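Colleague: After the sequence you'll find the predicted model.
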Amino acid sequence: MLELSKRRFIDPSEFIKHLGLDAGQQQDAQEFSKLFLSVLETNLLEGGSCNGHNVIKEQFCGQYAYVTRCNNCNYASERMSEFYELDLNIQGLKTLTESLQGFLGIERLDGDNKYMCSYCNTKQDATRAIELKSLPPVLNLQLLRFVFDIKTGCKKKLNSCIQFPDVLDMTEYTPNKEPTIYDLNAVLIHRGQSAYSGHYVAHIKGNDSQNWYKFNDEDIEKIKGKNLQLGSEEDLDGKKQKGSRVPKGHHSSKNAYMLVYTRRTAVEDLKNTGTEVEMSHSEIAPVTTMVDDSEIPLSIKTEAQSSKSEELNKSTMNLPVESRSEPIVMNDVTNLKQNNYATLEEEAVSLIPDYVLKFVERDNNDFEKWIVDMNEMKENNIAKGQEKQETVKAIYHDLPYTKSDGNNFEWIPMSWVSKWLNDPATAPKIDVSKFVCNHGRLCPDQSLKMKCISGRGSDQLYGIYGGELRLQGDESLCFSCVRQKCNIIRNKQRMVEDDKFISSRMKTDITTEKLYWIGKGSFRSWRRLAVELLMELYPNSNSSSNESINTSGNELEKESDTDKENSNLERSPDDNTVGNSVSDSTANENCIKDEHDSTRQSKSESNINTPNGKKNGENTENNDNDDETLQFNEDLLCESHKGLDPDSTCRKLVPESVWLRLKHYFPNCAEFDISSPPCQMCAANIVEEIRTKEQSRQLASIHKSALLDLFHDRKRPSVINATAGVFVVSTDCLNAWRQYVRDPLKNEPVTYISNASLLCEHEKYVFPVPQSGSLKSDDKITYVSAVEWQQIKMLFQFDKEIEIFQFIEDGKLEVKTIPSVCDDCLQRRLNMEECELFEYDKGIIYVRKQPKMDKIVENSNENSDSNMDDPEFSDKLNGVNSKKRESDQDSKGPPEKVMKNLNGCKVVRKSQRHRRAKGEKEVNISSKQTLKELKLEIMRLFSVAPYDQNLYVDGRLLQDNERSLCDLRVASGSVIDLIADEPQEETSFLDVKESGIPESGFKGTNLLST
């Protein structure tokens, strides 16, 4: 098909389907070549269509022998074998010649590996080698670029460069040293760094010329020039690497996988050397004078002239003069070459089975018929297109509306006209439903998107394309919507004028008129609120009108923002205190406000940016939703009684002239002049709230002064007092109490201490008894002295008293708790805490890459100690609260900076933060994830393959990739040391990339099933 078909390319889909291949899975090209040739050879022989010739074997099959020769008797044992390709090793080699010599090299059998000679009947020193017996016309050479790595148990790709020639001389490897010359005909490139993935690209020389072609799937590219160029295939990463110098007529590649050489024939020797094969005596003499010497290579020309000059002279001396005087022209040589090529092509075609030739001929006929049909279809389409174009032109000339048409006009969308002019064949129905108002007529706002055309043109368009609703004549215009539009425009103009008046009036002295209270948010957003009321007056207006109204309101609001700011800056200080000098009620109200500002967030802060009282920084979308429910002057009302809010910061005073203009837009809004009293009930509630919070502040001050050390968490009992003992308090209750003391206005007072969480269902203590009398508070329990416990009993109510004391029994110091410890519940609690330590959904693990394995072994204890010193790690491992640190009883200053004395050794208080080391990275992970998933995350951060990772936690190697981090006892906050296995091969080889899918090759395809 590729040789005889008239198609530009051949679709291999049916071929792939017949062989049962998976086009989405990469397979080995050499293995496919071997299996396909075997299947093809079998089918051709079984079909009996080759006239007894084994075409595949004759073209691709050669023979070599495994020869073992005894050094003692020189007896040679030969074992013949056929080959379709030669597998050449390239590891550590640089040229194809070295690979061939290595393939045919001699192996010595001596020592323990001596050869058992059948002629000598004893073991003798011997040599073993492969000897070529016959070479095929087409020589396939496979470069063993994919090798098996014993360490990893996987394949890897060799990245070493190999040089190979355009002309391969195999003469020295043949048995009788017969001249055997091969020309490079194809090169298969494997693009990719892994042995498990990549892409194949083939470079093939054309049969009818010396041009090379690049085959990249369906893309076929002719390479410029007559020489093979592999530069673009070698620099895939964009970085050109300098390599060794390549001799002329050779190529160097680090991705070449298969090489195909074809043996020269007599005609090809004629073409490459410029000499004639066999000629009559009358054609020999004139060759030296008439043939163009420029076409003959210099090296061949010098050899030919020296070797044949004497033969030519001798052969011409005995010839008659007339026979020597007939010249030969170059056209005769060219015709001879073309005739020989034609003969070879005819011989090649004769080897193809008849049914294949018939199939190709039938396919070519179908292809030519398809081309004829396509040309006819193209001509028909052109004719139909021209006809439609004339129809469109005729309609287009009837579309313009003139005065003579009178009321005979119609409205159609301009968007539809554009589609119709671009492609009349695909134009949809004429739909004007989107451009009509609620009355079923043309909306004034949509008139700019419509086109007025004549009735003649509209009838033709509706007759061809159809449409349900039509807007014809004067009756298509909606006068109600026009009047409504005019009213909206007039109101917008009035709002602009009123806005200018209000802005200028607020810049002057407003005390000359009667004053009214207005909410600050309402005053700032009155234009938008007025637009919303205007929309309610015209509920039948369509969405486009509403959008225009909203847009105009927002624009008005933005235009006057700057003026309002300037107005506030230009007003005199007396303007802000007008209300304070007018009435006693306002003065009292401001006094309440001054006291109330220190205890609660004023409304003025929430109304600075939003008229509805939203705080700064909240989502604008939420503000917009709340603004929709805001009514004018509603923001100065108290929430409970709808009276005037005592907080004057949420409102401001405006003169009567401004108020009347605003009241025109909002006739039903709340109205309060400067003499209106605030809500008395809300004022009383504020006073009561202030008194309550003052009491809470005083109570917090009393608690702090009475339990100052407990509040700062310092000077905690480190040993049990022999006489008074120590007491236990829940840390959670103390933390809540500390929050209250720090900010009594935001937190509820703590008056009750509950120790029920420290007891089990049997009313017994569920924490271990301190060993050797040493005490250490944590995030569950806090130890307090007897004096502090007495203060707690005086200040708080409590449910259970837990005491720890020492006593001597039988001469031995014992520690006891009241109530006693419940051993079963204690063990159950410890087990649950351990499970919680290793079960987490959003944990953090710190990974440090270490250079060598021995450093982990030496520093395993150090890592363990550093983890224990790390507050985040030690808190979760031992349940110790990093905030509860023992301090020296005589230390002074802030607790986080003092030196603590523990058993006579001073240590520095450690930070709660994890101290990151150089090169350390964080991994967010869950305890349910497996070790394999953790390694994949580490590979993304450190570029180390999972099978090269050795992970250690406190010197313990993590193994079994399928186990979860919880099963491996890896806690959140752990520090993992990463040791990477470095490859020991040469740097010219790429790393191995393991595939997650086991190789199955061509198992299950027709290549093996046939």
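Modeller: It's in.
Colleague: Counting neighbours, what do you get for Ala530?
Modeller: 23 (other C-beta atoms under 10 Å). To be clear about C-beta, it is placed using only N, CA and C from the backbone, and glycine gets the same treatment.
Colleague: sec struct for it, please.
Modeller: For Ala530, the assignment made with DSSP: H, G, I helix; E, B strand; the rest coil gives helix.
Colleague: And the contacts of stretch 692-705?
Modeller: Thr599, Phe711, Trp737, Tyr740, Val741, Pro744, Leu745, Pro749, Leu795 (C-beta atoms under 8 Å, 6 or more residues apart in numbering).
Colleague: hmm, I was thinking of stretch 197-210
Modeller: 26, 29, 183-192, 211-216, 223, 226, 228, 230, 233, 257, 341, 993, 995.
Colleague: The same query, at a cut-off of 7 Å, please.
Modeller: 26, 29, 185-192, 212-216, 226, 228, 233 (C-beta atoms under 7 Å, 6 or more residues apart in numbering).
Colleague: Tell me, how many residues neighbour the nearest residue to Val750 once chain neighbours are set aside?
Modeller: With sequence-adjacent residues excluded and distances taken as C-beta to C-beta, 6 or more residues apart in numbering, Val750 is closest to Trp737, at 4.3 Å. Trp737 is flanked by 26 other residues according to other C-beta under 10 Å.
Colleague: Tell me the buried residues in the helix or strand hosting Trp737?
Modeller: Trp737 is part of helix 731-742, with elements assigned from DSSP states H and E. Neighbour counts over helix 731-742 (16 or more other C-beta atoms under 10 Å) mark Thr731, Cys733, Leu734, Trp737, Arg738, Tyr740, Val741 as buried.
Colleague: on that earlier part again, buried subset of the contacts of stretch 197-210?
Modeller: 26, 29, 185-190, 192, 212, 214, 228, 233.
Colleague: Show me which strand runs longest in the chain.
Modeller: strand 181-191 (DSSP state E).
Colleague: Paired strands for the helix or strand that that one is followed by, with orientation please.
Modeller: Per DSSP H and E, the first helix or strand lying C-terminal to strand 181-191 is strand 199-205. Here strand 199-205 is paired, per DSSP bridges, with strand 181-191 (antiparallel), strand 212-216 (antiparallel).
Colleague: ok, then the element right after the shortest one?
Modeller: So that's strand 212-216. strand 219-222.
Colleague: So which other helices or strands are in contact with that next one?
Modeller: strand 212-216 (3 or more C-beta pairs under 7 Å, 6 or more residues apart in numbering; DSSP states H and E).
Colleague: tell me the mean pLDDT over the strand it packs on?
Modeller: Averaged over strand 212-216, pLDDT sits at 86.
Colleague: what residues does that strand touch?
Modeller: Counting by C-beta under 7 Å, 6+ apart, Val201, Ala202, His203, Ile204, Lys205, Gly206, Ile220, Glu221, Lys222, Ile223, Leu228 sit against strand 212-216.
Colleague: and what of stretch 469-478?
Modeller: Against stretch 469-478 from outside (C-beta under 7 Å, 6+ apart): Asn407, Phe409, Glu410, Trp411, Val432, Ser433, Cys437, His439, Arg441, Leu442, Cys443, Tyr462.
Colleague: Those: which two are farthest apart?
Modeller: Asn407 and Ser433 (22.9 Å; C-beta to C-beta).
Colleague: so where's this protein uncertain?
Modeller: Under the criterion pLDDT under 70, the flagged ranges of the chain are 1-3, 22-26, 47-53, 208-209, 231-244, 266-351, 538-630, 772-773, 852-914, 982-1010.
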